[in-house]
Every structure is written in C-alpha cells, then in structure tokens.
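K.L.:
Pasted the sequence and its predicted model underneath.
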Amino acid sequence: MSITQFKNTAHATLEHSAPVAVPLGSPVAVTSVTCVERNDGVETGIWECTPGRWRRQIVAREFCHFIQGRCTFIPDNGEPLLIEAGDALMLPANSTGTWDIQETVRKTYVLIF
C-alpha cells in the first residue's frame with residue numbers, strides 16, 4: 001500500500017490548467033489540478049475552478065471536500081445543490097449536470113473507478 005499526502009491543500013501549487021470542455025457562455029471557467037493516479041482504481045488530488053458555467057458528466061464515483069469558494073451543482077433531474085467551503089459531497093458514477101462556479105472553488109477529491 002502506498003500513502004498519498006497533499007500538504008497545505010488550500011495553497012498548494014497545482015500542476016495542470018485548462019479551460020473546461022463544455023462551457024456555457026462567458027466567462028469560460030479554467031480548471032487546475034494536481035493528482036495521483038493509482039493502480040487500484042482510485043485517483044486523488046486537488047482541483048480548482050475559476051468562475052463560469054459548464055456541463056459535466058462525472059464518470060467515476062467521486063467524494064470531494066470543498067476547501068474554498070462557492071458554487072452550485074444542478075444535477076439533471078434533481079434539485080440544485082449550493083456548495084460552499086467546508087462542504088463535502090459524494091457523487092454517484094455517471095452524475096450529469098451543470099456546474100455554476102460563482103467564486104473560485106478548490107477541493108480535494110477521490111475518484112473511485
């Protein structure tokens with residue numbers, strides 16, 4: 001077993017940045033991430049996203065804990081979820097919906113494939 005540790009997650013430097021794949025208008029949100037992909041069907045990391053709206057399908061099950069910011073996730077066929085720093089979510093595999101990032105968010109996450 002290997003242990004993954006992320007130090008000072010609120011201020012850690014993230015390695016990769018790119019615009020979201022399916023933006024819905026302007027501004028176009030940009031995501032940044034640093035992650036570790038393991039060989040046991042698990043990925044973990046720190047993810048950040050700037051303000052904007054975009055479509056997302058979460059293929060894997062995901063547990064995430066929001067460290068900073070504020071956003072809303074509007075699941076297809078569901079009620080909007082207001083998410084703020086300190087909140088945690090467990091999203092089922094193949095969750096679809098719209099992310100509306102009002103204030104840059106940062107979260108730690110675990111994807112379970």
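P.N.:
Cool, got the structure.

K.L.:
list the buried ones in the helix or strand harbouring K107?
P.N.:
For K107, the enclosing helix or strand under DSSP states H and E is strand 95-112. By neighbour count, with 16 or more other CB atoms under 10 Å as the criterion, the buried positions of strand 95-112 are 95, 97-101, 104-111. Every residue, glycine included, has its C-beta placed from N, CA and C.

K.L.:
same check, this time on stretch 72-87
P.N.:
Neighbour-count burial for stretch 72-87, with 16+ other CB under 10 Å as criterion, is recorded at T72, F73, I83.

K.L.:
if we can go back for a sec, got the buried residues of strand 95-112 as CSV, with pLDDT columns?
P.N.:
Listed next are the buried residues of strand 95-112 as CSV, based on pLDDT from 0 to 100:
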residue, pLDDT
S95, 94
G97, 97
T98, 97
W99, 97
D100, 98
I101, 98
T104, 98
V105, 98
R106, 98
K107, 98
T108, 98
Y109, 97
V110, 96
L111, 96
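
K.L.:
just curious, which of those is nearest to I46?
P.N.:
Each of these was scored against I46 by CB to CB, and T108 proved nearest at 5.6 Å.

K.L.:
which residues touch the closest one?
P.N.:
Contacts of T108 were listed using CB atoms under 8 Å, 6 or more residues apart in numbering, and they are F6, T9, T44, G45, I46, W47, C64, H65, I67.
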